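Novice: got a predicted structure plus its sequence, pasted below:
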Amino acid sequence: MNIPTMSDPRAALLASVASLILTACGGDGAGGAGWTIHPPDPAPSGSPATSPGQSPGGSPGGSPGTSPGGSPGTSPGGSPGAGDGETLALTETMTLQIQREGQQVTEIALSEGQSYTFEITNDGGLEHNFYIGTPEQLQSNDVAGLPGVPNFTDGTQTFEYMATAETAGLEFACTVPGHYQHRHGTMVVEA
């Protein structure tokens, strides 16, 4: 067996890497300061999980998808309601549904001039996305420039949206081929 010597560039590189690792792990091998990896806290059943770098849903002290006053952000009929800066937590499932609080969503009601954070959680284990656009754009998967989140397979993605008068008549959908038929709904704007 040929053992490299310190004059060998590979041995010098190996020694440098080992030194860097030992330094990062505490250096003395006696259990000093080092790396600590904490597993993520599991999300409670039925609530959206967050990915690193994503913001949790809801308001401080509230549950995901609630308004600052603590009341659910839904209007009659089960569609998300309006509120300045409100978070709308939606889940895309393996059964090709877009749900809110376990119920399929086919309509989202917004108030004109209000801003919203859409928090889209993919718990289906399949590739999904979420966009707002015209029915023609969404059906043909023509999503360039549309507000939403691109294809992802798990976790939570967010985007900001301002409701305008032009929002009325738009749709929301997952445009992954084969998903639009089961995963779309209408946007309603309340003045």
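Specialist: Yes, it's here. Numbers count the residues shown, from 1 in each chain.

Novice: ok, the nearest residue to residue 187 once chain neighbours are set aside - contacts?
Specialist: What sits nearest to residue 187 in space, not counting adjacent residues and going by Cβ to Cβ, 6 or more residues apart in numbering, is residue 170, at 4.5 Å. From N, CA and C alone the C-beta is placed, and that goes for glycine too. Residues counted as contacts of residue 170 (Cβ atoms under 8 Å, 6 or more residues apart in numbering) are 132-134, 186-187.

Novice: do you know how far residue 170 is from residue 147?
Specialist: Counting by Cβ to Cβ, to the nearest Å, the gap from residue 170 to residue 147 is 10 Å.

Novice: equivalent analysis for residue 102, please.
Specialist: When residue 102 is compared with residue 147 (using Cβ to Cβ), they lie 25 Å apart.

Novice: which of those two has more neighbours?
Specialist: Legend: neighbour count by other Cβ atoms under 10 Å for residue 102 and residue 147, higher for residue 147 (17 against 9).

Novice: okay if I get the contacts of residue 170 as JSON lines plus distance to residue 88, secondary structure and neighbour count?
Specialist: Listed next are those as JSON lines, based on distance: Cβ to Cβ, whole Å; DSSP: H, G, I helix; E, B strand; the rest coil; neighbours: other Cβ atoms under 10 Å:
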{"residue": "132", "distance to residue 88": "11", "secondary structure": "strand", "neighbour count": "21"}
{"residue": "133", "distance to residue 88": "17", "secondary structure": "strand", "neighbour count": "22"}
{"residue": "134", "distance to residue 88": "20", "secondary structure": "coil", "neighbour count": "13"}
{"residue": "186", "distance to residue 88": "15", "secondary structure": "strand", "neighbour count": "15"}
{"residue": "187", "distance to residue 88": "11", "secondary structure": "strand", "neighbour count": "20"}
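
Novice: which one of the residues you listed is nearest residue 125?
Specialist: Ranked by distance to residue 125 (Cβ to Cβ), the contacts of residue 170 are led by residue 132 at 24.1 Å.

Novice: that closest one bridge partners, please.
Specialist: In this entry, residue 132 is beta-bridged to residue 172, by DSSP bridges.

Novice: report pLDDT for it.
Specialist: pLDDT, residue 132: 97.

Novice: cool, the one 4 residues further on as well?
Specialist: The predicted structure scores residue 136 at 96 on the pLDDT scale.

Novice: residue 67 now?
Specialist: Note on residue 67: pLDDT of 33.

Novice: with residue 79 instead?
Specialist: Looking at residue 79, its pLDDT reads 39.

Novice: about what we covered before: identify the contacts common to residue 170 and residue 147.
Specialist: When contacts are counted by Cβ under 8 Å, 6+ apart, residue 170 and residue 147 have residue 132 as shared neighbours.

Novice: worst-scoring helix or strand of this structure, pLDDT-wise?
Specialist: strand 74-75 (a mean of 34; mean pLDDT, DSSP states H and E).
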